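**Q** Test case, fold it:
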Amino acid sequence: MNILLTRALAQVQPLQTLVSQSGYKPILFPSLEVEALSHVPLKSHYDVLIFISSNAVEYSLETLQNLKYQQCRFFAVGVATANKLNEYGFEVDAFPSEKASSEALLAMSEVKILRGKDILIFRGKGGRETLKEGLEQHNTVEYIEVYQRVVCNTTPLHHSALSEFLQSDKGIITATSVENLTALLSIVGQIDTDALSTIKRYPLVVLSERIKTFAQSIGFTQVEVVTKISDEGLLEALTNLTKT
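**A** Numbering: from 1, shown residues only. Now for the predicted structure:
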């Protein structure tokens, strides 16, 4: 069974290995690249630091060196982000243990009680406003955008990967964000406009109901949402689809 992996090349190896070890054939089709952004926060100290993705953690390290973060509380938007903070030695005070989302974080008691705090949110460029809107009624909230996603240039890898994937009518596509999925279709369209309708007939595994809703709105008919936002969760969803 072919599995089309659309994650950035710099970040795909753990999932690629997991998919391969499980008996599937990973085909790499990177749709986005992640680029660092250099922004400086307005203050040197905040009461709360919030990280909205693993990428936000990865690209925040230089900024953190210039912050007095020792007395800060660290919040993460989900398990994967919390684990990434732990990898770098930061203790996470709170994160949603089930579904990773801004809404789930805002619903936590540790977040609801925040009053009069200076809060810094680490995120990618152009992220959602949900978290800030939910916090700024009672707190001072600032964003720092530490990375951006850009659509990959079309390369020979994309041509060969698409050709290989479409040779079989048995295959599954993975997409980890709306931007990821949009970029995938953009690249496919540049290679072969006829393939745009074909690619949407394949099952798709996504990380959230929001991505599922978008995928269905653009023509994907079989979309599976993971129960755990992790590489293992993606693999579990892939396995479920192969059994149907």
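**Q** What is the neighbour count of the spatially closest residue to His39 that is not a sequence neighbour?
**A** Nearest residue to His39, sequence neighbours excluded (C-beta to C-beta, 6 or more residues apart in numbering): Ile144, at 5.2 Å. Every C-beta, even on glycine, is put in place using the N, C-alpha and C of the backbone. Residues within reach of Ile144, counting by other C-beta atoms under 10 Å, total 20.
**Q** Name the surrounding residues that touch the one helix or strand Thr63 maps to.
**A** Assigned by DSSP states H and E, Thr63 belongs to helix 61-65. Residues from elsewhere that reach helix 61-65 (C-beta atoms under 8 Å, 6 or more residues apart in numbering): His39, Val40, Pro41, Tyr88, Phe122, Ile144, Val146.
**Q** Now tabulate the residues you listed in TSV and tack on secondary structure and pLDDT.
**A** TSV is the format used below for the contacts of helix 61-65 (DSSP: H, G, I helix; E, B strand; the rest coil; pLDDT from 0 to 100):
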residue	secondary structure	pLDDT
His39	coil	84
Val40	coil	86
Pro41	coil	89
Tyr88	coil	93
Phe122	strand	95
Ile144	strand	93
Val146	strand	93
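**Q** If the residue nearest to His39 is in a bridge, with which residues?
**A** The partner list for Ile144 in beta bridges (DSSP bridges) reads Phe122.
**Q** got the contact list for it?
**A** Ile144 makes contacts with His39, Val40, Pro41, Ser60, Thr63, Leu120, Ile121, Phe122, Arg123, as judged by C-beta under 8 Å, 6+ apart.
**Q** at 7 Å instead, please
**A** For Ile144, the contact set (C-beta atoms under 7 Å, 6 or more residues apart in numbering) comprises His39, Pro41, Thr63, Leu120, Phe122.
**Q** For the second one, which non-adjacent residue is closest in space?
**A** It stands for Pro41. Computed as C-beta to C-beta, 6+ apart, the closest residue to Pro41 that is not its neighbour in sequence is Ile144, at 5.2 Å.
**Q** All good on my end, thank you.
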